[in-house]
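Asks: structure, please.
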Amino acid sequence: MRKARRVIRLAFYAVMAACIAEPTYGQDENPTEGRPVPERPVPLFNRWQEDWSVLADDRVPRQPGDDLKYISLSATDPLAYLSLGANLRERFEAFDTAQFGTGPNRNDDYVLSRFEVHSDLRLGPHLQIFVQLQSAFAFGKEIRTPVDQNRFDLEQAFMAITDSIAGGTLTLRAGRQQVAFDLQRFISVRDGTNVRQSYDATWIDYERGDWRFIALWSHPVQTRDNSPFDDYSSPSLSHAGVKLEWQVSAATSVSATWSRFIQDTAHFPQASGKESRDSLDTHCAGAGDNFDWDIEAMGQKGHIDSQNIRAWALGSLGGYTLTALPWTSRGRNGDSFVRS
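Replies: Sure, this is the predicted structure:
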């Protein structure tokens, strides 16, 4: 066992050394000479997908806060840096005659506040370490649920390793992270609620040409609000799956996803026991000639103890962009793809 630990430690140090190895340039060499000025990145839904290394180029216009968005860790490697960021969302909700006045429901109005801070450490082009903390409050809400308030906890903390293999790009991500597919109809980070859904997971992603393959094994994180850092995951609740995606054209993609959800102790009004669900999801989205569309269908089967589960769902949207107007009425659906 001790020898195995030593081998793992040496392998980890080797990966770290490869990731932070600094390229060497000639004394008179300017790596930005003759290249176009890169565009500034914008905050993304997944903050860990932002690439602020463009700020290593002095030609990029500066804005307040750039000293925190890009903290260089190497004089010669622009991909070795630390980036800091924060999100703040305030939402007011008011309910009058909830559930149409039936039952003991009372009127309620309250403020949902969510504050997130994160650090994104890049040690060269291959290694990323991302940490995000959250503080979510439900001020004035009479009945709080686990998705309403989580005063201080770890939202994400993962390590990602990326490398080129067999003509494609392989990414391995391990740790606490958030998972979302496409428009998040069926697999979502639960952004609509005040507390997002995280997973203690291993994610494998391989992209080559027009094809992309994803494999996921995870334990959904259960939210508690008794003390700081008390959220937890358990082997009694698991979610796993695979996804295959084909980029048919620059604006059109199709995909198929299979996933399995298992809960050892499920409780519903008409059934209790071990719950197991298998879902098959197909998705097609694209745009062309100012039209955009998104169609997704899901079929599910499984059981809760001896009770069978059969379910299906269908979601779609479409639109047309009026390009002749100074302000377009809607963006193309291809601009809203969520890629995790």
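Asks: quick check: which ranges of the stretch 201-340 of the chain have low pLDDT?
Replies: In the predicted model, the stretch 201-340 of the chain carries pLDDT under 70 at residues 328-340.
Asks: mind listing the strands for it?
Replies: With strands called from DSSP state E, counting those that start in this stretch, the stretch 201-340 of the chain shows them at 211-220, 237-247, 253-268, 271-288, 291-304, 307-320.
Asks: try the stretch 1-150 of the chain
Replies: Going by DSSP E, counting those that start in this stretch, the stretch 1-150 of the chain shows strands at 71-72, 80-95, 108-123, 127-139, 150-165.
Asks: show me what the fourth one is packed against.
Replies: Here strand 127-139 touches helix 2-20, strand 108-123, strand 150-165, going by 3 or more CB pairs under 8 Å, 6 or more residues apart in numbering; DSSP states H and E. Bear in mind the C-beta positions are built from the backbone N, C-alpha and C, glycine included.
Asks: quick one: work out the angle between that strand and strand 108-123.
Replies: Strand 127-139 runs at 170 degrees relative to strand 108-123, counting by axes from the mean of the first three to the mean of the last three CA atoms, to 10 degrees.
Asks: in its sheet, what does strand 127-139 sit against?
Replies: Sheet pairing here is set by DSSP bridges, and for strand 127-139 it gives strand 108-123 (antiparallel), strand 150-165 (antiparallel).
Asks: now distance to residue 306 too, for the ones you listed, in a markdown table please.
Replies: As requested, the strands paired with strand 127-139 are exported to a markdown table (distance: least, CB to CB, whole Å):
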| stretch | distance to residue 306 |
| --- | --- |
| strand 108-123 | 39 |
| strand 150-165 | 36 |
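Asks: of the ones you listed, which is nearest residue 51?
Replies: Comparison of these against residue 51 by CB to CB identifies strand 108-123 as nearest, at 8.6 Å.
Asks: buried set for the closest one?
Replies: The neighbour-count check on strand 108-123 (16 or more other CB atoms under 10 Å) flags 110, 112-114, 116, 118-123 as buried.
Asks: just those residues now: which is nearest residue 85?
Replies: The closest of these, once distances to residue 85 are taken by CB to CB, is residue 118, at 5.3 Å.
Asks: how close does the closest one get to residue 177?
Replies: 12 Å (CB to CB, to the nearest Å).
Asks: can you list residues touching both of those two?
Replies: residue 156 (CB atoms under 8 Å, 6 or more residues apart in numbering).
Asks: and the closest residue to residue 165 other than its chain neighbours, how many neighbours?
Replies: Computed as CB to CB, 6 or more residues apart in numbering, the closest residue to residue 165 that is not its neighbour in sequence is residue 206, at 7.6 Å. By other CB atoms under 10 Å, the residues close to residue 206 number 16.
Asks: and what of the one 4 residues further on?
Replies: The local packing count at residue 210 equals 11, with neighbours defined by other CB under 10 Å.
Asks: over to residue 322?
Replies: Neighbours around residue 322, by other CB under 10 Å: 12.
Asks: residue 199 too?
Replies: Neighbours of residue 199 (other CB under 10 Å): 23.
Asks: what's the answer for residue 73, then?
Replies: 15.
Asks: got it, and residue 245?
Replies: Count around residue 245 with other CB under 10 Å applied: 19.
Asks: show me the beta-bridge partners of the closest residue in space to residue 255 that isn't next to it in sequence.
Replies: Using CB to CB, 6+ apart and skipping residues adjacent in sequence, the residue nearest residue 255 is residue 245, 4.0 Å away. For residue 245, the beta-bridge partners are residue 212, residue 255 (DSSP bridges).
Asks: so residue 245 makes contact with residue 212?
Replies: Yes: the pair residue 245 and residue 212 passes the contact test of CB atoms under 8 Å, sitting 4.3 Å apart.
Asks: what's near enough to touch the residue nearest to residue 82 when sequence neighbours are not counted?
Replies: What sits nearest to residue 82 in space, not counting adjacent residues and going by CB to CB, 6+ apart, is residue 71, at 4.3 Å. Residues near residue 71 by CB under 8 Å, 6+ apart: 81-84.
Asks: could you give the number of residues near the closest residue in space to residue 218 that isn't next to it in sequence?
Replies: Once flanking residues are discounted, residue 218 sits nearest to residue 201: 3.3 Å by CB to CB, 6+ apart. The number of residues packed near residue 201 is 23, by other CB under 10 Å.
Asks: would you confirm that residue 201 contacts residue 177?
Replies: Yes: if you go by CB under 8 Å, residue 201 and residue 177 touch, sitting 5.7 Å apart.
Asks: residue 53 versus residue 152, what's the distance?
Replies: Taking CB to CB, one finds residue 152 at 31 Å from residue 53.
Asks: then residue 299?
Replies: On the measure of CB to CB, residue 299 and residue 53 end up 42 Å apart.
Asks: compare the two (neighbour count), which wins?
Replies: A direct count of neighbours by other CB under 10 Å for residue 299 and residue 53 places residue 53 higher, at 19 against 14.
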